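1. sequence plus the predicted model coming up.
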Amino acid sequence: MEDQKPEQKPGFNARLALWLTLHVGTMGFFYACVGLVTVPLIWPVTMAVVQYISSGYLQLIFLPLIMVGQGILNALADKRHQARHQEQLDGQNRMIAHLELLVEKLCEKDGVCLDESDKEQ
């Protein structure tokens, strides 16, 4: 998989891999494959074509392409996870700073401090 900068749009290969990954992994595609393998039951002369399509094309072409698409989707999920994690850390840091400010004001106002060293006399 190619490393891409966050500002860049995914290239043609990445878009194709993502599109196929999202559309091949559906029940609709499963039913299309079931229909494909039942064709030789009705027309036995199509057995060679169906075998080529199922074993040659679907397995040798789609499987690696789906793996590339999964890699791209995983990288995007990792970026989203990192962004959410950073947002949570920022929120926690803001809450800690706010709580420290409240404790400081409480110590100044009422003389109630968490540590004896914080108490002003």
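-> That came through, no problem. Residues are numbered from 1 along each chain as shown.
2. tell me the secondary structure for the closest residue to residue 114 other than its chain neighbours?
-> Nearest residue to residue 114, sequence neighbours excluded (C-beta to C-beta, 6 or more residues apart in numbering): residue 103, at 6.2 Å. C-betas here are computed from N, CA, C, even on glycine. When classified by DSSP: H, G, I helix; E, B strand; the rest coil, residue 103 comes out as helix.
3. what does residue 15 give?
-> Once three-state DSSP is applied, residue 15 turns out helix.
4. and stretch 68-84, what's buried?
-> Within stretch 68-84, the residues scored as buried using 16 or more other C-beta atoms under 10 Å are 68-69, 72.
5. again with stretch 25-33
-> Buried-residue list, stretch 25-33, by 16+ other C-beta under 10 Å: empty.
6. per-residue confidence, residue 117, what does it come out as?
-> If you check residue 117, the pLDDT there is 55.
7. how about residue 52?
-> The confidence metric pLDDT takes the value 85 at residue 52.
8. number of residues surrounding it?
-> By the measure other C-beta atoms under 10 Å, the count of residues near residue 52 is 11.
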